[in-house]
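Asks: how would this look folded up:
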Amino acid sequence: MSQSLLIARRELYAYVRSPMGALIIAAALLVCGMWFNYFGMGRDLLSAAILAEFFYAASGIVMISSVVLGMRLLAEERQSGSMILLKTAPINERDIVIGKFLAGYVMVIALIVLTSYMPLHVYLNGKVSLGHIAVGYVGLLLLGAASIAICLFASALASSQVVAVIIGAALMTALIMLWAPAKVTDAPLNKFLSDLALHHDNFRPFMNGILQLKSVAYYMMVTYFFLLCATKVLEARRWR
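Replies: Modelled structure (predicted):
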């Protein structure tokens, strides 16, 4: 685990050293703030509806930001030629993946935390419970973990950061859009597809302040599955 933390620290330093991390977070906060101001505060809605609208917007921002933040995690190592150093170092693929994941996830957490002034504004000026806010943020954190894991897997597959963005965006879009075929298929396939969708039925309960254990388990399984896939990709590449 100490090796994973060393990799995470190295990766976080790379985010801080370059302007990319700050620019991504700043752009995400700007878009989220504009959405919140126009679609939330700009309409005559109840406080709970405004809060749900905020979490809807924030969830989209988190997923898009994860694609951009995750593109460099492994693809940049391969693109710059430094991946060979990781492969020859006395460290296994699991530790590499965990370290990279932790670094990307810390950036996502920073983004999520920096949005807290928006629901706080609703809480101070409206009638919403702290429980609703807390559950919404639990949902954002779980969605962020799953999104970074998916994009880390995409970065493990890609030979460059551009390719990593394309693969990551394609995977995310495919998982998000599973609700569409669920609408036109019969039971039990429609329920199965709907339960697999990355957002839709799995995130909506969090938006409305409902802690649904099924959705918690879903995001944890998605995170684990794609981290495992990224590890297996690195293991396969080591023996090439």
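Asks: now the helices for this protein?
Replies: Applying DSSP state H to the chain gives helices spanning 2-17, 20-35, 47-70, 75-80, 83-88, 93-114, 117-125, 130-157, 161-176, 179-183, 189-196, 200-207, 213-238.
Asks: which stretch in those is the model least sure about?
Replies: With a mean of 56, helix 83-88 has the lowest mean pLDDT of these.
Asks: still on that earlier bit, could the helices of the chain go into a markdown table alongside mean neighbour count?
Replies: Where C-beta positions appear, they are placed from N, C-alpha and C, glycine not excepted. A markdown table is the format used below for the helices of the chain (neighbours: other CB atoms under 10 Å):
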| stretch | mean neighbour count |
| --- | --- |
| helix 2-17 | 15 |
| helix 20-35 | 16 |
| helix 47-70 | 23 |
| helix 75-80 | 18 |
| helix 83-88 | 13 |
| helix 93-114 | 21 |
| helix 117-125 | 16 |
| helix 130-157 | 24 |
| helix 161-176 | 18 |
| helix 179-183 | 14 |
| helix 189-196 | 15 |
| helix 200-207 | 21 |
| helix 213-238 | 17 |
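Asks: My read is that residue 193 contacts residue 186, right?
Replies: No - look at residue 193 against residue 186 with CB atoms under 8 Å: they stay out of range, at 11.0 Å.
Asks: Show the contacting residues for residue 99.
Replies: 3, 4, 5, 6, 7, 8, 10, 11 (CB atoms under 8 Å, 6 or more residues apart in numbering).
Asks: Please look at the fifth one and residue 103 and confirm they touch.
Replies: Yes - counting by CB under 8 Å, a contact exists between residue 7 and residue 103, whose distance comes to 7.4 Å.
Asks: returning to what we had before: nearest to residue 130, of the contacts of residue 99?
Replies: residue 8 (30.8 Å; CB to CB).
Asks: Pretty sure that closest one sits against residue 97.
Replies: No - with contact defined as CB under 8 Å, residue 8 and residue 97 do not form a contacting pair (10.9 Å).
Asks: what's the distance between residue 196 and residue 102?
Replies: 26 Å (CB to CB, to the nearest Å).
Asks: Kindly report the same for residue 203.
Replies: 23 Å.
Asks: One more: residue 158?
Replies: 20 Å.
Asks: same thing with residue 3?
Replies: Separation of residue 3 from residue 102 (CB to CB) stands at 12 Å.
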